[in-house]
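Undergrad: what would the 3D arrangement of this be:
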Amino acid sequence: MSENINKQEQDYYLTYGFGYVNLKTLSNDILQEIDIFVPREDGVKINILKLKNLAGKKRKLKLIYYIKPVLGEDEASTSGYIKVGKEGNIVTAQNLYTNLFREYVAYISSSENVKSYTGDKEFFVGSKTLREPEGMDKVSLDNRSGLRKTKLCCYGNRDRARELREQRNLFNIWTRK
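TA: Reported below is the predicted structural model:
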């Protein structure tokens, strides 16, 4: 559900409310809908992605979720000092730059099985742009932390062909001390 990476004209339908947004679009015969909300009492961002194949044929999908973690005062001063790792089905990001933020860890999880990840923006984007990253063409990501690199926290599951009728995926981001 990133911004129109396929360069096709398409409409986006947005609904905003207190603490949530719903975004819908249709692209390549796949109806895409995402609900994003932040509960008042919890430090978590919840993304519920719904995909519906309107073509009725098997589709090969790759789900990639990426963020640019700051975990500090600003992106410029913390970018190369964020350690990205994976524990089970959870990708973690921790700031190693300053003691003030060292105790905080960002956790990113999914209802899909996390097959690979990267903390290296250069590896993911390659010689292309974030709009059309090389990482979308790779079989898997490099499973590296990306320390001392421009930071991007990204994970995904591998390509798979299947009859996609309707699918829901849950992505969560939260920070704990």
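Undergrad: check which helices and strands the one helix or strand residue 31 maps to sits against.
TA: Using DSSP states H and E, residue 31 sits in strand 30-37. In terms of contacts (3 or more Cβ pairs under 8 Å, 6 or more residues apart in numbering; DSSP states H and E), strand 30-37 is packed against strand 20-27, strand 44-53. Backbone N, C-alpha and C define where each C-beta goes, glycine included.
Undergrad: give me the beta-bridge partners of the residue nearest the centre of the chain?
TA: Among the residues of the chain, the one closest to the centroid is residue 65, at 1.8 Å (Cα atoms, centre = their mean). Bridge pairing for residue 65 (DSSP bridges) gives the partners residue 155.
Undergrad: quickly note the distance from it to residue 125.
TA: Computed as Cβ to Cβ, to the nearest Å, the residue 65 to residue 125 distance reads 15 Å.
Undergrad: do residue 134 as well
TA: Distance from residue 134 to residue 125, counting by Cβ to Cβ: 7 Å.
Undergrad: lowest mean pLDDT across the helices and strands packed on strand 30-37, which one is that?
TA: Among the helices and strands packed on strand 30-37, strand 44-53 has the lowest mean pLDDT, at a mean of 89.
Undergrad: show me the domain layout of the protein.
TA: Segmentation of the chain into domains, based on automatic domain parsing, reads 12-58+162-169, 64-161.
Undergrad: for these, which one ends up most surrounded?
TA: With neighbours taken as mean count of other Cβ atoms under 10 Å, the domains of the chain reach their highest mean count in domain 64-161, at a mean of 17.
Undergrad: adding distance to residue 80, write the helices and strands packed on strand 30-37 out as TSV.
TA: Formatted as TSV, the helices and strands packed on strand 30-37 follow (distance: least, Cβ to Cβ, whole Å):
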stretch	distance to residue 80
strand 20-27	31
strand 44-53	24
